[in-house]
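>>> attaching a predicted model along with its sequence, questions to come.
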Amino acid sequence: MSAARPPLSGAGRALRAEWTKLRTTPGPAWLLLGLVVATVATGAATDATVRCPAGGCDADPVRVALTGVSLGQAFFAVLAVLAISGEHSTGLIRTTLVAIPRRVTVLATKAVVLAGVVAAAAAVAVLGCLLAGRFVLPGNGFDVAHGHPSLSPGDGAVLRAAAGSVAYLVLIALLSLGITAAVRDSAAAIGLVLGLLYLFPLTTLVVTNPHWQRHLQQLAPMTAGLDVQATTDTSRLVIGPWAGLGVLAAWAAAALLAGGLLLCRRDA
């Protein structure tokens, strides 16, 4: 006779409940598949169009290969929004809060489950981008003869860019989760997240003062965060690779803090 399983703690029950909700809902599964395909396809298409002439070029082959991350982040953001907005729109959040009264625990477990799922999908997408770049870019002049070694995850700079890209996408998802917890409406949350990511860099172009433009670029979550992909001429970056990722992490932490405070203060 097998021994009975020990009862799960409150956090354990919350984690299992969030994982069950995420994996049994058909939308997120298709979205995950779509984002991996879209990210790799965008990277491969960019690889096929960017060329390095015989005289050499300043393009960073790793950043070129990982271009798909800039598009894929939108899918990850939508996935994160759906992870919590659907419960608010259907009223299921009330049932969740009855089962798990500690609202901070609810948001924390959503964040943990979402981060795990996104990290797995992001790792597949980033690896696919690097593989596409490894096969396509040498034919476009990014080869050893022109000073561009083959893309290999074993290279320290490439590994940092790949791991940083995965971390970047996880932080984008957490940022989106925090914003959605704060506003509760899916359309408003998606608009805020995409505006923060894509409109922020455009705003910096309007500023003509180089000093303020540089500071705005250092604060922009996408501009600063994606600097983690740089493997050449890192001294020219507006912010260091890991420091840029730290800026995005600060944005994500602030969004989760705001979302958690509002979730605790408001009625479901």
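Received it, and whenever you're ready, just let me know what you need. Numbers count the residues shown, from 1 in each chain.
>>> use CA for all of it now, contacts and neighbours both
Noted.
>>> correct me, but Gly240 touches Ala230?
No - between Gly240 and Ala230 there is no contact under Cα atoms under 8 Å: 9.2 Å.
>>> okay, these two: which has more neighbours?
When neighbours are counted by other Cα atoms under 10 Å, Gly240 and Ala230 differ, and Ala230 comes out ahead with 22 against 18.
>>> is it true that that one touches Ala161?
Yes - using Cα under 8 Å, Ala230 is in contact with Ala161, at 6.7 Å.
>>> identify the contacts common to those two.
Common neighbours of Ala230 and Ala161 (criterion: Cα atoms under 8 Å, 6 or more residues apart in numbering): Val62.
>>> where does the stretch 151-268 of the chain have low pLDDT?
267-268 (pLDDT under 70).
>>> what about the helices in it?
With DSSP state H, counting those that start in this stretch, the ranges of helices along the stretch 151-268 of the chain come out as 156-183, 186-194, 200-206, 210-219, 221-225, 241-265.
>>> let me have those helices in JSON lines, extended by mean neighbour count.
Shown next, in JSON lines, are the helices of the stretch 151-268 of the chain (neighbours: other Cα atoms under 10 Å):
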{"stretch": "helix 156-183", "mean neighbour count": "24"}
{"stretch": "helix 186-194", "mean neighbour count": "18"}
{"stretch": "helix 200-206", "mean neighbour count": "15"}
{"stretch": "helix 210-219", "mean neighbour count": "16"}
{"stretch": "helix 221-225", "mean neighbour count": "26"}
{"stretch": "helix 241-265", "mean neighbour count": "19"}
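>>> Gly55: how many residues sit nearby?
If we define neighbours as other Cα under 10 Å, then Gly55 has 7 of them.
>>> swap that for His148, please
Residues within reach of His148, counting by other Cα under 10 Å, total 19.
>>> which one is it nearest to, not counting chain neighbours?
Phe142 (5.4 Å; Cα to Cα, 6 or more residues apart in numbering).
>>> Leu205 and Leu216, how far apart?
10 Å (Cα to Cα, to the nearest Å).
>>> and Leu131, by the same measure?
In terms of Cα to Cα, Leu131 sits 34 Å off from Leu216.
>>> show me the contacts for the most centrally placed residue in the chain.
Nearest to the mean C-alpha position of the chain, counting by Cα atoms, centre = their mean, stands Leu169 at 1.5 Å. By Cα under 8 Å, 6+ apart, Leu169 lies in contact with 69, 73, 76, 118-119, 122.
>>> from those residues, pick the one nearest Ala108.
Using Cα to Cα, Val118 comes nearest to Ala108 of the contacts of Leu169, at 15.2 Å.
>>> give me the number of residues near the closest one?
There are 24 residues near Val118, going by other Cα under 10 Å.
>>> helix, strand or coil for it?
Following DSSP: H, G, I helix; E, B strand; the rest coil, Val118 is assigned to helix.
>>> now it, nearest residue through space, not along the chain?
Using Cα to Cα, 6+ apart and skipping the chain neighbours, the partner closest in space to Val118 is Val170 (5.8 Å).
>>> pLDDT value on Asp143, please?
We have a pLDDT of 80 for Asp143.
>>> how about the residue lying closest to it once chain neighbours are set aside, secondary structure?
Distances taken as Cα to Cα, 6+ apart place Pro149 nearest to Asp143, at 5.9 Å, with adjacent residues excluded. On the three-state scheme (three-state DSSP), Pro149 is labelled coil.
>>> count the residues that sit near Pro149.
14.
>>> so how far is Ala120 from it?
Pro149 is 27 Å from Ala120, by Cα to Cα.
>>> over to Cys264?
30 Å.
>>> next: Thr109.
Separation of Thr109 from Ala120 (Cα to Cα): 17 Å.
>>> then stretch 34-46 to CSV, C-alphas only?
Taking Å, rounded to 0.1, in the frame of the first residue of the first chain, the C-alpha atoms of stretch 34-46 are listed here in CSV:
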residue,chain,number,x,y,z
GLY,A,34,3.0,31.0,-32.6
LEU,A,35,5.6,33.2,-30.8
VAL,A,36,8.3,30.6,-31.2
VAL,A,37,7.6,30.3,-34.9
ALA,A,38,7.3,34.0,-35.4
THR,A,39,10.5,34.8,-33.5
VAL,A,40,12.6,32.3,-35.4
ALA,A,41,11.0,33.2,-38.8
THR,A,42,11.7,36.9,-38.3
GLY,A,43,15.3,36.2,-37.3
ALA,A,44,15.8,33.9,-40.4
ALA,A,45,14.2,36.5,-42.7
THR,A,46,16.6,39.2,-41.3
